[in-house]
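Student: Return atomic coordinates for the entry below.
(4 chains)
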Protein chains: 2
Amino acid sequence: MSSAAKTLELLAHFSTTWPEIGLSQLCKMAKRDKATTYRHLQALEETGLIEQNPMTKRYRLGPAILQLAQTREATVPRKLGVQAPLFELANAAGETCHVTVLSGTTVYELASCDSPKHGTRAIIDIQTFPLHATASGLCTVAFGPETLMEVALSNLRQFTATTATTAQDLHAAIQTIRNTGFGRADRSYETEVQGLSAPIYDQTGHLAGAVSVASVAARFTPELERVIQNELMIAARQISKNWGGTIPAHIEALWAKSLTSENVLETAS
Amino acid sequence: MSSAAKTLELLAHFSTTWPEIGLSQLCKMAKRDKATTYRHLQALEETGLIEQNPMTKRYRLGPAILQLAQTREATVPRKLGVQAPLFELANAAGETCHVTVLSGTTVYELASCDSPKHGTRAIIDIQTFPLHATASGLCTVAFGPETLMEVALSNLRQFTATTATTAQDLHAAIQTIRNTGFGRADRSYETEVQGLSAPIYDQTGHLAGAVSVASVAARFTPELERVIQNELMIAARQISKNWGGTIPAHIEALWAKSLTSENVLETAS
DNA sequence: TATTATCGGTTCATATATTGAACCACTGTT
DNA sequence: AACAGTGGTTCAATATATGAACCGATAATA
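Tutor: This is a model prediction of the structure:
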């Protein structure tokens, strides 16, 4: 691994729950040497990506980040056009919602929105979503570039009892998603969370991300699932439109079929 | 220079005016080898700091930037509490305004605001402000940490006929600022721009940044200068308050004296 | 249609920059 | 006063970065 990559990895340790990190602490987290970590931090500081809190001597993210973010959003306006549909979705579904974007072979969280409906909420405090264990990740693998499957297979870490840990399991899960048009994760990342997800497209015509609902598993019912799927379709269409794309016909067809067959199922049961 | 630092420097080449850069182009800009640059770009891409536009094969800033920015603003809320005073300032002064922050020994732009009053506006399209040539930079050197003077002296690049290019010139400019409490740059960065600036403080009690007005030099008059200085004081006080700090008494004293003596001058002339 | 000039990406011998155990100075605690 | 934490520094050992030359593809030029 290049020293540049090691340096950049340090940035990922800063989060809203861990906003300031001291040198020694960061060494433990990153499992790296102190001298090395110190030099890496200096490189990051020179560029303004981090800065040292003059009071605590601990390190935190720096002001250069904000400029880069401004440029990024001016270049590829993603957050713009996500807020409104996401808010609608959170209210309609009554659950916590996320939008994720695919960059390379990684699924990043772009935005999230809580619903005030219930006291208990699903809180997902991660920055990159595992491809094989989350609804967003699985949805992205199912409808994104072919190579993602290999990447997903190369890291089948087990999070819960229902996490897909074999190639068979994963292929089965993906196949279901390709048949229904909705990403789905049944407590496979956190034991109390049931995820549902729909793909988002941009002007390239390729999958650009996913919009997801993380339900508290205890209150997940077939009726709620239908409501959520309906709202996910609306949100996915709107966000795709705002990103300059449209939902491909074959996905729309899957959704139409999926909802009909569930109607049948529901009626039958 | 460490390879990590070289890698990070590549990020600075992306801006709203240059949002997407190809490999060869970036090599020219950064004056570096193609193979090296390519590897550096790959390291940045692995971390999500940049991504490759699948259509053009060119590189652009990536989605990880947005998360980091969210964390940064949650950690150190700087943009929050700048917008309103900056907007007020731009309207009152009728000129383009900026807020800059000091991080380490570098002055970064945090936010800017145009006034719709005039058709011609000062447009400063840079991300880091030269310490010796801009009102923000000079103001930061004058009231920031002592070490900044050395850094400023080590890079006295000439931008215009009035740029301070000798230690003497710079010391004189800084001395004036320390006497008046206002940063000042008389066409020393761009020939048509006259800069005025006031320091901002945060909860540490040290200088945290500066707020500046970039006037079109042709319409700069002593009367306008007084108006702007007045508005700068208001903005600097408000932003300092929003950042958890206050303007130190000795700065307030300078401002009081400065405005009085200018009154005299104005009356005399 | 052949030629040339780009582009993004890759190779491999060379040589330079990275690494980490041990160390220092300082601060607050026991 | 001994100890356990910090953040920061040193230097020999060595793992890593480097860049000229190369490749295949695309696009403009003659």
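
Student: the strands in the stretch 101-250 of chain A, which residues?
Tutor: Assigned by DSSP state E, counting those that start in this stretch, the stretch 101-250 of chain A shows strands spanning A:106-113, A:128-129, A:183-186, A:193-201, A:207-216.

Student: Show me how far the third one is from its chain's centre.
Tutor: To tie it back to what came earlier, the one meant is strand A:183-186. The chain centroid and the centroid of strand A:183-186 are separated by 13 Å under CA atoms, centre = their mean, to the nearest Å.

Student: Tell me which other helices or strands it touches.
Tutor: Strand A:183-186 sits against helix A:135-143, helix A:167-180, strand A:193-201, with contacts defined as 3 or more CB pairs under 8 Å, 6 or more residues apart in numbering or on different chains; DSSP states H and E. Yep, even glycine has a C-beta here, placed from its N, CA and C like the rest.

Student: Tell me the buried residues in the second one?
Tutor: Across helix A:167-180, burial judged by 16 or more other CB atoms under 10 Å in any protein chain shown covers A:L170, A:A173, A:I174, A:I177, A:T180.

Student: likewise stretch A:28-43?
Tutor: A:A30, A:R32, A:T37, A:R39, A:H40, A:L41, A:Q42, A:A43.

Student: Same check on stretch A:137-151?
Tutor: Buried residues in stretch A:137-151, counted by 16+ other CB under 10 Å: A:G137, A:L138, A:C139, A:T140, A:V141, A:A142, A:F143, A:G144, A:L148, A:M149.

Student: Please identify which pair of these lies farthest apart.
Tutor: A:C139 and A:M149 (13.1 Å; CB to CB).

Student: Output stretch A:37-55 as PDB, nothing but the C-alphas.
Tutor: Only the C-alpha atoms of stretch A:37-55 are listed here, as PDB (Å, rounded to 0.1, in the frame of the first residue of the first chain):
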ATOM      1  CA  THR A  37       1.200   8.700  11.800                       C
ATOM      2  CA  TYR A  38       2.700  12.000  13.000                       C
ATOM      3  CA  ARG A  39       4.300  12.600   9.600                       C
ATOM      4  CA  HIS A  40       1.100  11.600   7.800                       C
ATOM      5  CA  LEU A  41      -0.800  14.100  10.000                       C
ATOM      6  CA  GLN A  42       1.700  16.800   9.100                       C
ATOM      7  CA  ALA A  43       1.200  16.200   5.400                       C
ATOM      8  CA  LEU A  44      -2.500  16.400   5.900                       C
ATOM      9  CA  GLU A  45      -2.100  19.600   7.900                       C
ATOM     10  CA  GLU A  46       0.100  21.300   5.300                       C
ATOM     11  CA  THR A  47      -2.700  20.900   2.800                       C
ATOM     12  CA  GLY A  48      -5.300  22.100   5.300                       C
ATOM     13  CA  LEU A  49      -7.300  18.800   5.200                       C
ATOM     14  CA  ILE A  50      -6.800  18.600   9.000                       C
ATOM     15  CA  GLU A  51      -5.700  21.100  11.600                       C
ATOM     16  CA  GLN A  52      -4.600  21.000  15.200                       C
ATOM     17  CA  ASN A  53      -6.900  22.400  17.800                       C
ATOM     18  CA  PRO A  54      -4.500  24.800  19.400                       C
ATOM     19  CA  MET A  55      -6.200  24.300  22.800                       C
END
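
Student: quick check, that stretch touching DNA strand C?
Tutor: Yes. Legend: contact between stretch A:37-55 and DNA strand C by CB under 7 Å from any atom of the strand is shown at A:R39, A:H40.

Student: Check the offset of that stretch from the chain's centre.
Tutor: Relative to the chain's own centre, stretch A:37-55 is displaced by 28 Å; criterion: CA atoms, centre = their mean.

Student: Stretch A:219-226 too?
Tutor: Centroid separation for stretch A:219-226 versus its chain: 22 Å, with CA atoms, centre = their mean.

Student: residue in the stretch 101-250 of chain A nearest to DNA strand C?
Tutor: Residue of the stretch 101-250 of chain A nearest DNA strand C, by CB to the nearest atom of the strand: A:G104 (11.2 Å).

Student: Pull up the gap between A:S215 and B:G205, please.
Tutor: 48 Å (CB to CB, to the nearest Å).

Student: These two: which has the busier surroundings?
Tutor: Ranked by neighbour count (other CB atoms under 10 Å in any protein chain shown), A:S215 and B:G205 place A:S215 first, with 24 against 13.

Student: hang on, isn't the more buried one packed against A:V193?
Tutor: Yes. Under the criterion of CB atoms under 8 Å, A:S215 makes contact with A:V193 at 7.0 Å.

Student: got any residues that touch both of these two?
Tutor: A:A122 (CB atoms under 8 Å, 6 or more residues apart in numbering or on different chains).

Student: got the contact list for the closest residue to chain B within the stretch 151-269 of chain A?
Tutor: Residue nearest to chain B within the stretch 151-269 of chain A: A:T204 (5.7 Å; CB to the nearest CB). Listed by CB under 8 Å, 6+ apart, the contact set of A:T204 reads A:G245, B:P54, B:M55.

Student: Show me which residues of the stretch 101-250 of chain A are close to DNA strand D?
Tutor: Close to DNA strand D, as judged by CB under 7 Å from any atom of the strand, the stretch 101-250 of chain A has no residues.

Student: in the stretch 101-250 of chain A, what residue is nearest DNA strand D?
Tutor: For the stretch 101-250 of chain A, CB to the nearest atom of the strand, closest residue to DNA strand D: A:T204, 16.1 Å.

Student: low pLDDT regions in the stretch 1-150 of chain A?
Tutor: Judged by pLDDT under 70, the stretch 1-150 of chain A has no weakly predicted residues.

Student: For chain B, give me its nearest residue in it.
Tutor: For the stretch 1-150 of chain A, CB to the nearest CB, closest residue to chain B: A:A69, 3.3 Å.

Student: burial count for that residue?
Tutor: Neighbours around A:A69, by other CB under 10 Å: 21.

Student: Same check on A:G81?
Tutor: Residues contacting A:G81 under the criterion other CB under 10 Å number 16.

Student: Am I right that it sits in a helix?
Tutor: No. Per DSSP: H, G, I helix; E, B strand; the rest coil, A:G81 lies outside any helix segment and is coil.

Student: so it makes contact with A:G245?
Tutor: No. Using CB under 8 Å, A:G81 makes no contact with A:G245, being 11.1 Å away.

Student: any idea how far the residue of the stretch 151-269 of chain A closest to chain B lies from A:G144?
Tutor: Look at A:T204 and A:G144: by CB to CB, they are 12 Å apart.

Student: what about the residue in the stretch 51-200 of chain A that DNA strand C sits nearest to, neighbour count?
Tutor: Of all residues in the stretch 51-200 of chain A, A:K57 sits closest to DNA strand C, at 9.9 Å by CB to the nearest atom of the strand. Number of residues near A:K57 (other CB under 10 Å) recorded here: 10.
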